[in-house]
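K.L.:
model the following, please.
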Amino acid sequence: MDNLDSAALDCLAALADEGSFEGAAQRLAVTQSAVSQRLRVLESQLGRPLVVRARPLRLTPAGQVLLRLARQWQALRVDAAAELGLPLPRLKMPIAVNADSLATWVLPALDALVQQEEMLALELLVDDQAFTQEWLRDGSVLGCVSTGREPLRGCSAQALGVMPYGAFVSPAFLAQRLPQGLHEGNVAAMPFIVFNRKDDMHQRWVERAMDLRAPRLLERHVPSSEAFMQATLMGWGIGVLPLLQVRAALERGELVALRPQAQVPVALYWHQWTLKAPSAAPPLLDRIGQALLAQARCDLEPPPAA
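P.N.:
Take a look at the predicted model:
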């Protein structure tokens with residue numbers, strides 16, 4: 001481990017990002033044979049395979065460990081170059097966020113930083129907030145917005161705040177389908193808009209609002225936060241959405257809250273790898289975390305007490 005080649009680590013990161021030797025070669029501006037050679041050297045040093053040569057290729061558990069090292073090494077190189085006034089290498093900064101945060105507060109949080117850092121190749125990866133931490137665990141990202149409270153080994157975690165969710169319908173849907181309101185007798189026949197198969201927010205809301213355990217609900221899947229909101233406005237069904245996203249539509253009378261007192265609070269945390277930079281200035285990853293934390297304090301409810 002003491003003499004791992006940084007070029008070989010860059011090669012492994014490119015293979016993980018591109019999913020093929022051809023794509024990695026194009027990314028690094030070298031030949032495919034050079035990519036293969038660097039990988040073979042790295043695998044010889046570790047004495048185990050680092051990638052599964054399939055289409056697309058994927059990393060072995062050992063490859064995922066080295067991918068985390070590669071990501072951290074690349075980030076530290078950029079920070080050191082900035083401190084020394086050297087030309088900044090292009091850095092891919094992969095961050096995992098949940099779709100609802102991306103649709104509401106994450107882009108405003110990162111805007112100033114993106115405008116300042118001309119060479120920042122930011123990559124926002126989207127997954128359910130309960131699963132984003134797995135992207136951090138396997139080295140696919142350097143930071144994530146997650147509902148997980150405990151940091152992984154080698155990582156730090158900061159409370160961002162609470163994003164409350166409620167159930168909303170269009171006025172037309174309320175008049176046509178729910179003239180007597182939503183209750184235990186009709187909830188199973190009402191369509192709920194659902195983000196994807198991982199999404200259980202509608203079930204959690206029904207459990208909280210009606211004290212029903214494991215309700216079987218009619219689902220209509222719309223895998224985009226913006227389209228999810230639009231489908232709710234169009235009267236496709238009941239949408240369980242963050243209050244932050246629906247506030248303006250409620251004020252305009254385009255949506256109506258069902259059982260407004262029933263809300264599902266989702267506590268969010270920022271997780272990132274702890275990078276030991278040789279500088280007094282905050283590393284780029286820390287600056288991303290600080291930007292997210294500052295915006296979350298404006299847009300989200302206060303985090304739960306420790």
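
K.L.:
in a helix, Thr104, correct?
P.N.:
Yes - the assignment for Thr104 is a helix, going by DSSP: H, G, I helix; E, B strand; the rest coil.

K.L.:
I'd guessed it sits against Leu244; true?
P.N.:
Yes - under the criterion of C-beta atoms under 8 Å, Thr104 is in contact with Leu244, at a separation of 4.9 Å. For glycine as for every other residue, the C-beta is placed from the backbone atoms N, C-alpha and C.

K.L.:
where do the contact lists of these two overlap?
P.N.:
Counting by C-beta atoms under 8 Å, 6 or more residues apart in numbering, the common neighbours of Thr104 and Leu244 are Asp299.

K.L.:
looking at these two, which is more packed in?
P.N.:
For Thr104 versus Leu244, neighbours defined as other C-beta atoms under 10 Å are more numerous around Thr104 (21 against 18).

K.L.:
now do stretch 195-214: everything it contacts.
P.N.:
Contacts for stretch 195-214 (C-beta under 8 Å, 6+ apart): 99, 127-128, 130-131, 165-167, 182-184, 187, 192-194, 215, 217, 219, 221-225, 228, 238, 240, 258-259, 262-264.

K.L.:
separate out the buried members of those.
P.N.:
99, 127-128, 165-167, 182, 187, 192-194, 215, 217, 222, 225, 228, 238, 240, 258-259, 262-264 (16 or more other C-beta atoms under 10 Å).

K.L.:
which ones among those residues lie within helices?
P.N.:
Assigned to helices by DSSP state H, the following of the buried ones among the contacts of stretch 195-214 qualify: 99, 225, 228.

K.L.:
contacts only, for the last one.
P.N.:
Meaning Phe228. Here Phe228 is in contact with 193, 195, 222, 239, 241 (C-beta under 8 Å, 6+ apart).

K.L.:
need the max-distance pair from the residues you listed.
P.N.:
Val222 and Leu241 (11.4 Å; C-beta to C-beta).

K.L.:
does Pro49 count as helix, strand or coil?
P.N.:
coil.

K.L.:
ok, now how distant is it from Pro164?
P.N.:
Separation of Pro49 from Pro164 (C-beta to C-beta, to the nearest Å): 46 Å.

K.L.:
now Leu285
P.N.:
29 Å.

K.L.:
out of those two, which sits in the busier spot?
P.N.:
Between Leu285 and Pro164, Leu285 has the larger neighbour count (other C-beta under 10 Å), namely 24 against 13.

K.L.:
returning to what we had before: tell me which of the contacts of Phe228 is nearest to Ser36?
P.N.:
Using C-beta to C-beta, Phe195 is the member of the contacts of Phe228 that lies nearest Ser36, at 39.9 Å.

K.L.:
how close does that closest one sit to Ala96?
P.N.:
16 Å.

K.L.:
repeat for Leu59
P.N.:
16 Å.

K.L.:
which elements pack onto the helix-or-strand element of the chain with minimal mean pLDDT?
P.N.:
Taking mean pLDDT, DSSP states H and E as the measure, the chain has helix 61-84 as its least confident helix or strand, at a mean of 77. Under the contact criterion of 3 or more C-beta pairs under 8 Å, 6 or more residues apart in numbering; DSSP states H and E, helix 61-84 touches helix 6-18, helix 32-46, strand 91-97, strand 264-273, helix 284-299.

K.L.:
for Ser101, which three-state class applies?
P.N.:
Ser101 - assigned by three-state DSSP - is helix.

K.L.:
from what I see, it and Cys144 are in contact.
P.N.:
No - Ser101 sits out of contact with Cys144 when judged by C-beta under 8 Å, with a separation of 10.5 Å.

K.L.:
follow-up on the earlier one: more neighbours, Leu59 and Ala96?
P.N.:
Ala96 (24 against 20).

K.L.:
check the offset of stretch 18-29 from the chain's centre.
P.N.:
Centroid separation between stretch 18-29 and its chain, computed with C-alpha atoms, centre = their mean, to the nearest Å, is 25 Å.

K.L.:
pLDDT of it, averaged?
P.N.:
Stretch 18-29 shows a mean pLDDT of 86.

K.L.:
how about residues contacting that stretch?
P.N.:
Under C-beta under 8 Å, 6+ apart, the answer for stretch 18-29 is 10-11, 14-15, 17, 31-32, 34-36, 55-58.

K.L.:
list just the nearest of those residues to Asp299.
P.N.:
Closest to Asp299, out of all of the contacts of stretch 18-29 and judged by C-beta to C-beta, is Asp17, at 30.6 Å.
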